[in-house]
Each structure stands twice: as C-alpha cells, then as structure tokens.
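Asks: kindly return the folded structure for what I paste below:
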Amino acid sequence: MERRTVAGTPYARLLSAPRPVAEGLKARLEARGIPVLLETPFSGLPEAALGTYMGDVALWVPEALLGEAEAILAEEAP
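Replies: Okay, here's the model as predicted:
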C-alpha cells in the first residue's frame, strides 16, 4: 500500500481509475464523510485544477478510513 502524509494526516492510495470514474467514486465517498484527494500525473500544474486530463488518476483517502472507503465502494459495486 502506498502511503503519504498530507497536512499531518497519513493518507493511503485507494485505487487508480480514469478521471471520470474517479470523480464519481470521489463524490460517493465524500457523500459518506470520507475526504478524498485526486492526484493526476500533472499535479501542481494548472491542467490538474481544470480537470481536463481524463486518463488515470489516483484516489487517496485518510489511512484510518481506508477500510471504510473500501467497504463503501464494495457495497455500491454493481
């Protein structure tokens, strides 16, 4: 599992997915109270903020909520 610290909080990489899919998953998780960070290969560049990149992006969640995030996505899977 990939880990990093963001503003003092340990985050874990949940998954990578195409940007449109990742945005939908992010919305579902945030609706359930789980903060999500999206990371494109171009993070830090203006393109990343505009959301024009539609390739794979990484979803990061607080490590303490990783299991809950996985369970939410599993219960909502088709």
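
Asks: all strands for this protein, in order.
Replies: Using DSSP state E, the strands of the chain run over 3-6, 9-18, 37-39, 56-62.

Asks: can you redo those as JSON lines with mean neighbour count, mean pLDDT and distance to A31?
Replies: Heads up, the C-betas are built off the backbone N, CA and C, glycines and all. Conversion of those to JSON lines gives the following (neighbours: other CB atoms under 10 Å; pLDDT from 0 to 100; distance: least, CB to CB, whole Å):
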{"stretch": "strand 3-6", "mean neighbour count": "11", "mean pLDDT": "92", "distance to A31": "21"}
{"stretch": "strand 9-18", "mean neighbour count": "16", "mean pLDDT": "96", "distance to A31": "15"}
{"stretch": "strand 37-39", "mean neighbour count": "17", "mean pLDDT": "90", "distance to A31": "15"}
{"stretch": "strand 56-62", "mean neighbour count": "20", "mean pLDDT": "94", "distance to A31": "14"}
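
Asks: so the top helix by length along the chain versus strand 56-62, what angle?
Replies: Using DSSP state H, we find that the single longest helix of the chain is helix 19-31. Interaxial angle, helix 19-31 versus strand 56-62 (axes from the mean of the first three to the mean of the last three CA atoms, to 10 degrees): 10 degrees.
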